[in-house]
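> From the sequence below, what's the structure:
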Amino acid sequence: MEVAAVLIILVIVVTVALVLASAFWPEPEQEQEPAGTKTGPATAPEPPTGPTTLEGALVAQLLSGEISARQYRRAVAKLAARDDQRQPVRPPSGLV
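Okay, here's the model as predicted:
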């Protein structure tokens, strides 16, 4: 019984020692590549700096003071009417 207890304690101590060693083991330093070489994964493209939609352009104009709130509302209403003509939204037939 005493031998089994000593073996269990020994296994536990070794396990704890291995866990601690792996937690504090220093990672190898990564080699620095010379400037101008790209061998890694492709970088993501830069996001656009300006608005990408007509609505976004209208909001930018409104915030910068180029157009008034009334002009903005009128332009958005025209956009909504145009969108309704081009792509009308119809409710499902079972709901009407």
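
> use CA for all of it now, contacts and neighbours both
Will do.

> what's the lengthiest helix in the chain in contact with?
For the chain, the helix that runs over the most residues, judged by DSSP state H, is helix 2-24. Outside helix 2-24, not one residue touches it by CA atoms under 8 Å, 6 or more residues apart in numbering.

> chain center to that helix, what's the gap?
Distance of helix 2-24 from the chain centroid (CA atoms, centre = their mean, to the nearest Å) equals 42 Å.

> Please apply the same query to stretch 71-85.
Taking mean C-alpha positions (CA atoms, centre = their mean), stretch 71-85 and its chain are 31 Å apart.

> quick one: buried residues of that stretch?
Y72, V76 (16 or more other CA atoms under 10 Å).

> and the following helix or strand past the longest helix of the chain, how far out from the chain's middle?
Going down the chain from helix 2-24, the next helix or strand is helix 54-64, by DSSP states H and E. Taking CA atoms, centre = their mean, one finds the center of helix 54-64 at 25 Å from the center of the full chain.

> The following helix or strand past helix 54-64 relative to helix 54-64, how many degrees between them?
Downstream of helix 54-64, the first helix or strand assigned by DSSP H and E is helix 69-86. Calculated by axes from the mean of the first three to the mean of the last three CA atoms, to 10 degrees, helix 69-86 forms an angle of 180 degrees with helix 54-64.

> And the residue nearest in space to the middle of the chain, how far from G50?
Centroid-nearest residue in the chain, with CA atoms, centre = their mean: A44, separated by 11.5 Å. Here the criterion is CA to CA, to the nearest Å. By it, A44 lies 18 Å from G50.

> Can you list the low-confidence ranges for the protein?
1, 32-42, 95-96 (pLDDT under 70).

> residue contacts, V76?
If you count contacts by CA under 8 Å, 6+ apart, then V76 has E55 around it.
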